[in-house]
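J.: below are the sequence and a predicted model for it; my questions follow.
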Amino acid sequence: MEKKINHPLQKYFRGPINYTTCPGCGNGIISQAILWAIEDLAMDFDKFAFVSGIGCSGWIPSPSYNTDVLHVTHGRSIAFATGLKLATPNIKVIVTAGDGDTSAIGGNHFIHACRRNIDLTMICVNNQIYGMTGGQVAPSTPYHSKTTTTPYGSIERPFDLSQVAISAGATMVARWTTFQARQLRKSIAKAILHNGFSFIEIISQCPVQYGKVIGKRNNAVDMLMDYKNRSINVRKAKKLSPDEVKDKIVVGEFIEDKQVPELTQEVKRLRKEAVSRCQK
Amino acid sequence: MEKKINHPLQKYFRGPINYTTCPGCGNGIISQAILWAIEDLAMDFDKFAFVSGIGCSGWIPSPSYNTDVLHVTHGRSIAFATGLKLATPNIKVIVTAGDGDTSAIGGNHFIHACRRNIDLTMICVNNQIYGMTGGQVAPSTPYHSKTTTTPYGSIERPFDLSQVAISAGATMVARWTTFQARQLRKSIAKAILHNGFSFIEIISQCPVQYGKVIGKRNNAVDMLMDYKNRSINVRKAKKLSPDEVKDKIVVGEFIEDKQVPELTQEVKRLRKEAVSRCQK
Amino acid sequence: MINNSKTNKTDFLQGNIACAEGAIMAGCKFFAGYPITPASEIAHHLSKRMFEVDGTFIQTEDEIAAIANIVGASWGGVKSMTATSGPGISLMQENIGLAVATETPCVIVNVQRGAPSTGSPSVHLQGDILQSKFGSQGDYQIIALAPASPQEMFDFTIKAFNLAEQFRTPVFVLSDSLVGHMRERVNFPLQEELILSERKKLEHYQGIHQKIFLDEEVAPMPVFGKGLKANITGSTHKEDGFRNVSDPKIMDNAIKKLTNKILKHKEEIIEINEHEIDDAEVAILSYGLTSRAVLETVKIARKNGIKVGSFRPITVWPFPEEEVEKLSRRVKTIIVCENNLGQLFPFVKSAACEHCKVISLPPKVLGTLYYPEEILEKIKEVI
Amino acid sequence: MINNSKTNKTDFLQGNIACAEGAIMAGCKFFAGYPITPASEIAHHLSKRMFEVDGTFIQTEDEIAAIANIVGASWGGVKSMTATSGPGISLMQENIGLAVATETPCVIVNVQRGAPSTGSPSVHLQGDILQSKFGSQGDYQIIALAPASPQEMFDFTIKAFNLAEQFRTPVFVLSDSLVGHMRERVNFPLQEELILSERKKLEHYQGIHQKIFLDEEVAPMPVFGKGLKANITGSTHKEDGFRNVSDPKIMDNAIKKLTNKILKHKEEIIEINEHEIDDAEVAILSYGLTSRAVLETVKIARKNGIKVGSFRPITVWPFPEEEVEKLSRRVKTIIVCENNLGQLFPFVKSAACEHCKVISLPPKVLGTLYYPEEILEKIKEVI
Amino acid sequence: MVYIDKEACKGCGICISVCPKNILAFTKDLNQKGVPYPKMIDEDKCTLCENCMIYCPDFAVVVKKDDK
Amino acid sequence: MVYIDKEACKGCGICISVCPKNILAFTKDLNQKGVPYPKMIDEDKCTLCENCMIYCPDFAVVVKKDDK
Amino acid sequence: MSEIGVRLSGIGGQGVVLASIILGRAASVYDNLYAVQTQTYGSDMRGGDVCTEIIVSEKEIVYPIVNTPDILIAIAQKAFDQHITDLKEGGILITDKDLVNVGNLTKNVNHYSEEFNKKAIDDFNEKRVSNMIMLGFVVEKTKLITYEALEKAIADLLSPRIFDLNKKAIDFGMKLASTN
Amino acid sequence: MSEIGVRLSGIGGQGVVLASIILGRAASVYDNLYAVQTQTYGSDMRGGDVCTEIIVSEKEIVYPIVNTPDILIAIAQKAFDQHITDLKEGGILITDKDLVNVGNLTKNVNHYSEEFNKKAIDDFNEKRVSNMIMLGFVVEKTKLITYEALEKAIADLLSPRIFDLNKKAIDFGMKLASTN
Ligand SMILES: Cc1ncc(C[n+]2csc(CCOP(=O)(O)OP(=O)(O)O)c2C)c(N)n1
Ligand SMILES: Cc1ncc(C[n+]2csc(CCOP(=O)(O)OP(=O)(O)O)c2C)c(N)n1
Ligand code: SF4
Ligand code: SF4
Ligand code: SF4
Ligand code: SF4
Ligand code: SF4
Ligand code: SF4
Ligand SMILES: [Mg+2]
Ligand SMILES: [Mg+2]
């Protein structure tokens, strides 16, 4: 039972699997969900590229994943991924980013990718805090939370990231917590297949930095159980009053697979048009 | 009748009224709406400050308005205005910005101001194009438009700026076209009184640059009449099918005066709390 | 500026915290910032302290917003500051240019880290010296001070505010990861004994063409909300603030006046620490933390009877050209020690080369403090 | 590089359009940009042309995204470019640093305009020379070429792509508003006669520790999507791409290798145009458009029997230190003419001062092309 | 009373198009900018609704209620 | 069969909490990192549901269906 | 032909920049001459002053700016007022008769003035061809470029739809010049 | 007392940084000495190697880094392995008996080893006070600072809730040192 045996996902790693995340960090669960989704799809890992920014979540693919990985500046992963995808439309480009990465410094690239409907799969690790830099408030930190930079409680309302994605035009949007690891895995697989910009938000435990905020430092299990208790599927939530869902985490696939022309395919269309115009 | 007589709004100007805008540009109509709103409110113009970015719309207040005016870098007006408002909460700070200013380069500051609910009045001149730099596509340019940088028609869907503002948390949101100059004036007055972040989007004619796009170059009147014909109030629009409103411009006050704690007042509360904690 | 003899408090503080406390003593009432290693502690501390002193703290969406916020706040009449590290400075460049062009007093703290790019967040390096001066488009002058201890982070932050107010300009505190995280004793001066500068303010509205910019003696600054009808733009403008973007003569005037506003007052601004320079044959020029390695070297060298002294610009910018030139007349060799690949070296050489030899000596391993022995070796070589 | 004798086409083009066409001839397949005066025409032209050549054009949400996009595309294996002006460069600084640190070939065109800040968008100024080299955090090297005519905007854009590919690094084309908007004859070379460089590519995956960075002879570059398992980061990394952000030795190695990759090949990179230098007593050093005023001056001066020549670095960065040093041994005086407050002057002086006099002569009115008479006057003074 | 500042006018025609009474029209004359400007053609019909004023982008029209 | 790589384990306890059969528990032992790691306490009850595997953030658990 | 510097000045919308580009193109692409064209903008991009310069020469052109033009074309009063001082003694001045009042011309120059604008309206019923009439006039008066080159250049630059009209306007301008 | 350089090394979570800050504070605020404390981080912020240095001196401290410590405290094997070479000949080495195997100590140093971690668990049932036991031990062995200063410094830095426990651990550590 304690015999050392290779993990079935080992093949996706550049070397021995060795995340330097804190004990109980949700990032590892998310990493598994991503890789299981790819495993489920039986797709060639060499045809995937990962782009990530700065933050703990940036280290999910970088340097671990044994395929092309581009680890860039804080907040800009989507913008690099856009150029990469446009240049190599045949590969599946997956962006992993933290909530700060996505919606603080990177907010503009985020909404524009939604609008453009470029075929990227965006995995947003929403641990509701800045993990890497030491527990500062994020744009997704619950209202009134006490963090390293909001000692009196935060006075800014958080974004509902999935809602922002929807209103900015994303064509597939889902939210899960790490507790729904299996549903997450399925949604990621769908997102990879989706032809357009997909946004997967994952409420994920940061037992160290966000643990401090909610007084559950280093207690990943409590945080997971809290997700379990508070999660409610969007289908159910729709039937309830706003008050009834107030403290809940609404999860599920908000937009499933909306069909809208995808950017790299539109580029191909333009090329054809341009060439035919020239020939005239 | 052709006798030179002072304009009733002359008193709001630093010198003779002399916009260098192109003939028929909507900016002047919007400028009037802003000043009439202030006139209607009978408020002291010295207690207003204007912050604007780079773009034709940035020149609505700068240097013309005879009060404090801060004309900053492209896309950043909200961020400067945030600091100014926090430092001088007693003055009314109005931001005027173009659609590019607001939602291209400035998109991130825009959504964050909505989220923070800071008491700014944001006047977004949505002429659906980059006017000042020569007619390039904006994130608000209608899908498939041919502009200076989309000679084959744009392949990116535009933002619905008011919807983005709403989902990002703005507590007052209205959209009008320049044709609804009177409603606009009223909404601006309400926005000034609103305690929080208000977003007023104005679909405005740029007869020169956007005129080229729609083949109505230099024809402001046609553009205004088009607004007249296509505008539909949100109350009516709600009763229609998506197809029926497809080519319409939905106007009206989407969010009227939502009551949510305002940022500068929250800052004051924190100061009290901090001082009282210190004394303990 | 600070009378350290009479202090009301002594503490053992991290450089970053000392900086934050210095800001408060200087009268800073507005801090905007975005977290980044190794500068975050300044924000952490001020997120609590600002509200205690009736000020404001805001964590912005990014660094571009942070600099924009402090400039906005400054026009609201309050002393304001941001703190970041190299990557954040890179993002701030455009609005630093706006602060310069609109003559907005504010303080920017850069706790430097390993670079280029994301580099090594916790490694000590003085890699951003030229970036502070040249990162934004166009010709302009900036003031930058380089502290070497928590006490200096405290003192220089106050000094930075004073210079910002006196010259209506952004001022850098150029610290680094090691100084920012180092703990040492910090003496707090008595608030009453502290000499704080306040900006020259425009008192009354003086008409549409009031002169509020481009005065080499520093034009009075209108504060918003007081009926002064400030007319501010980052576009090329005249003394009254009115924009003119076509006449090169106006631009020429704008650039030169802005530049001269600093250069004319170099003597007031520039501060140099000299140590054992009087009879020195070799002077070692260094700044920031590196100067402590140099002082140690001088100590050792002097014990060995070697005539060497330390020349340390506190003010890295404006570059102390005349002072270096004077130094070059007094010594045979200047050795420039920087924890980078020799960023100030061309400036030192250009100022000194007519009178003495100038040598650049980067540390053997960038990102580490010099061993005094390394420097000593070099001294022995050139003597 | 370009054989102008046999051309397949002659056109009368604006500098910006020539630049765009040069990019296409160089094989550029990806352009990302954000409009800005006076660079927008490059984007306008390529928004049509890119698709005709099976390439991609994207107008990004801002300049930060533009540089990120071209770096991303470059890793996708295509030649990529962006074009902007000073304010845009300021915003790109952080990701320019990333491009340098990840050794990503790409071309950045800066059509300089009046600065600082928003300044004067249509005024000709060479204000961003130092910004190109020092704007991002940390020590690094950059390559920058300064054209003086539409033909050179065409030629140097091609050259920029070649250098970018050869040295796996971002390369600047440092134009300005006047050259960008000037129209002149442009000769198009025959595509077959054009020598284009292509990056050294990693052909096969060579294991987890494959050497893909930090080779002074330029490491082979893995292209995405080919099973090469590229491991790329802007954090401090080793030759194999693995991050290490704590060991100063690794950072020291990273900085020095990156720098040396350029410096070791300075001779290949640097190009200088000399004119009438052989017997000159006075050399005038200038670059970009200014050099045309200098050449005119030389013409007039020579007519008057004054021994003066022109020394024009095509390559502004890396700075031609050795070449200037050599020049300093040949002439009595170097007059540095720049359409700014003397940005390269300290570098010239530092390189030349041991052998000759070095004088800075900014134009009487910044933002205007020198009158040959101004320069002539100065020459007569020093002779 | 409706006053039109002909030199401020840029000739866009908006005022003419928004007058509910249709009582404004371009003159044949050009102003110094070289553009035609509007003129009142039937003052009596004017309701002083102010449309012409508030829609003029160049602040060239003034409607005064008291001195009709 | 459930395999646990005790040296990869960081002792977070997640696997224990997500096991529907409640058949994992910490040992008293510490691994080289100094943390307790989980152990199977009743193999027979295991349904091979894989929860312990897919929730382990450190890839320290492997569930093999074929070799039960 | 040694270097000839021409300055064309007016206000936005008059088409002086297009005229200068046609000149430059004709000279450098079809007449085997060298040409360089530059322009400066007014204080704002909309409707301000426009001034463009073009140098035509048999030899390579080093210095691209026209500080003292050999030929000045001014088709707006402000343009004339601003640029007349720079015109070389003995140079050529061409103005629009209706739009420019040259007042008391103290300078020794060859002055031609013609009603470009009025003729465009009267004879072509199209204000916008006034620049072509002016261009034809200038070419005929100065012989900077050949007619063939001019024709080819406008064929390159103008859409076929408007080519004929513009060519007629040029011809008209040339005739005006040869008869005036 | 001339300058004494101390290096404390271990892994994240052992509290060595706090111990060094207490030392520095005690010395410089209460003992009228000079002190400078610096630290370097491991390759990642979580659970990596920790190393902190502190210099205590009667005179102002110029050079703030401890290249060759007079005193080395190592409470993890890796820490010991990495830093032992730097320790001065004749210096003091303090290790955790259970966590560090010093092997064949060739260096001429005064070596004290004690079970800080185990004692913390056994005697206090609180692993987290091991650093305080260590600190008490170090202070007693080296006399770097006075007991009074130490007491005041921990009162400044620790919340009253945990002050007593920590002080007891320090006292315990001092006793260990004086009896060992
Ligand atoms: C330009 C820039 N600003 C700031 C930082 C510092 N920084 C690194 S990660 C981070 C935020 C981390 O939060 P998040 O994105 O939510 O990721 P997490 O660590 O929580 O996964 C910050 C502010 C940086 N690296 N670059
Ligand atoms: C950093 C930066 N990038 C680009 C520009 C150039 N620029 C000026 S205004 C503008 C866009 C104008 O469009 P919009 O904001 O919609 O304003 P409008 O002119 O249409 O009112 C651009 C791209 C700039 N000034 N600064
Ligand atoms: S700080 Fe939080 S997010 Fe980062 S590794 Fe630790 S637990 Fe995970
Ligand atoms: S370009 Fe468009 S927005 Fe700008 S002034 Fe002209 S009409 Fe108005
Ligand atoms: S006031 Fe009304 S009715 Fe009278 S002219 Fe103006 S728009 Fe027409
Ligand atoms: S609306 Fe104003 S500018 Fe337009 S035609 Fe009427 S008066 Fe003239
Ligand atoms: S496989 Fe399922 S039942 Fe078996 S130990 Fe793991 S979690 Fe428990
Ligand atoms: S989930 Fe993994 S890391 Fe956590 S206790 Fe179980 S085996 Fe250990
Ligand atoms: Mg996070
Ligand atoms: Mg616009």
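T.: Structure's in. What do you need? Ligands and ions are numbered 1, 2, ... in the order given.

J.: next, the contact list for the residue nearest to the spatial centre of chain C, please.
T.: Chain C has residue C:144 as the residue nearest its centroid, 2.0 Å off, counting by C-alpha atoms, centre = their mean. Taking C-beta atoms under 8 Å, 6 or more residues apart in numbering or on different chains, we find residue C:144 in contact with C:129, C:132-133, C:171-174, C:315-317. In short, each C-beta sits where N, CA and C put it, glycine included.

J.: mind giving me the PyMOL select for those, buried ones only?
T.: Per 16 or more other C-beta atoms under 10 Å in any protein chain shown, the buried members of the contacts of residue C:144 correspond to this PyMOL selection:
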select buried, chain C and resi 129+132+133+171+172+173+174+315+316+317
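
J.: for residue A:90, what are its contacts?
T.: Residues near residue A:90 by C-beta under 8 Å, 6+ apart: A:47, D:225.

J.: helix, strand or coil for it?
T.: Under DSSP: H, G, I helix; E, B strand; the rest coil, the three-state class of residue A:90 is coil.

J.: how near is the closest residue to residue A:212 other than its chain neighbours to residue H:8?
T.: Once flanking residues are discounted, residue A:212 sits nearest to residue A:135: 5.7 Å by C-beta to C-beta, 6 or more residues apart in numbering or on different chains. Per C-beta to C-beta, to the nearest Å, residue A:135 is found 25 Å from residue H:8.

J.: list the contacts for the residue nearest to residue C:103 when sequence neighbours are not counted?
T.: Distances taken as C-beta to C-beta, 6+ apart place residue C:168 nearest to residue C:103, at 4.2 Å, with adjacent residues excluded. Counting by C-beta under 8 Å, 6+ apart, residue C:168 touches C:103-105, C:199-200, C:218-219, C:221, C:261.

J.: ChimeraX command for the buried members of the residues you listed?
T.: Those of the contacts of residue C:168 that count as buried under 16+ other C-beta under 10 Å are selected in ChimeraX with:
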select /C:103,104,105,199,218,219,221,261
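
J.: between the contacts of residue C:168, which sits nearest ligand 1?
T.: Ligand 1 has its nearest neighbour among the contacts of residue C:168 in residue C:104, at 22.2 Å by C-beta to the nearest ligand atom.

J.: was I right to think that closest one contacts residue C:75?
T.: Yes: look at residue C:104 against residue C:75 with C-beta atoms under 8 Å: they come within range, at 6.7 Å.

J.: and residue G:104, what pLDDT?
T.: On pLDDT, residue G:104 comes in at 89.

J.: same question but for residue G:50, I mixed them up
T.: 88.

J.: mind checking which helix or strand it is in?
T.: strand G:49-57 (DSSP states H and E).

J.: after that strand, next one along is what?
T.: The helix or strand immediately downstream of strand G:49-57 is strand G:71-74, counting by DSSP H and E.

J.: which outside residues touch that following strand?
T.: Contacts of strand G:71-74 (C-beta under 8 Å, 6+ apart): G:4-10, G:16, G:80, G:83-84, G:86-87, G:91-96, G:100, G:134, G:138, G:142.

J.: may I have the strands that pair with it, each with its orientation?
T.: Strand G:71-74 has these partner strands in its sheet, going by DSSP bridges: strand G:4-11 (parallel), strand G:92-96 (parallel).

J.: what is the mean pLDDT for the first one?
T.: Pointing back at strand G:4-11 there. 95.

J.: tell me, how many neighbours does residue E:46 end up with?
T.: Neighbours of residue E:46 under the rule other C-beta atoms under 10 Å in any protein chain shown: 18.

J.: and the lowest-mean-pLDDT helix or strand in chain G, does that touch chain D?
T.: Within chain G, judged by mean pLDDT, DSSP states H and E, the helix or strand with the poorest mean is strand G:34-41; its value is a mean of 90. Yes: using C-beta under 8 Å from any C-beta of the partner chain, strand G:34-41 comes into contact with chain D via G:34-41.

J.: show me where the chain has helices.
T.: Let's take chain A. With DSSP state H as the criterion, chain A has helices at A:26-41, A:77-87, A:99-103, A:107-116, A:161-168, A:181-193, A:209-213, A:220-230, A:234-237, A:242-245, A:263-279.

J.: switch to chain G, that's the one I care about
T.: G:16-25, G:77-83, G:116-119, G:130-142, G:147-157, G:160-179.

J.: contacts for stretch A:269-280 next, please.
T.: Taking C-beta under 8 Å, 6+ apart as the rule, stretch A:269-280 contacts B:152, B:155, D:48, D:51-52, D:54-55.

J.: quick one: contacts for the residue nearest to residue C:382 when sequence neighbours are not counted?
T.: Nearest residue to residue C:382 in three dimensions, chain neighbours excluded: residue C:333, at 4.9 Å (C-beta to C-beta, 6+ apart). Contacts for residue C:333 (C-beta under 8 Å, 6+ apart) come out as C:281-283, C:356-359, C:382-383.

J.: try it again at 10 Å.
T.: Taking C-beta atoms under 10 Å, 6 or more residues apart in numbering or on different chains, we find residue C:333 in contact with C:280-284, C:308, C:352, C:356-359, C:378-379, C:381-383.

J.: ok, longest strand in chain E?
T.: strand E:24-30 (DSSP state E).

J.: let me know whether it sits next to chain B.
T.: Yes: using C-beta under 10 Å from any C-beta of the partner chain, strand E:24-30 reaches chain B at residue E:27.

J.: now the helix or strand that that strand is followed by: mean pLDDT?
T.: On the C-terminal side of strand E:24-30, the closest following helix or strand by DSSP H and E is strand E:36-40. The average pLDDT within strand E:36-40 is 96.
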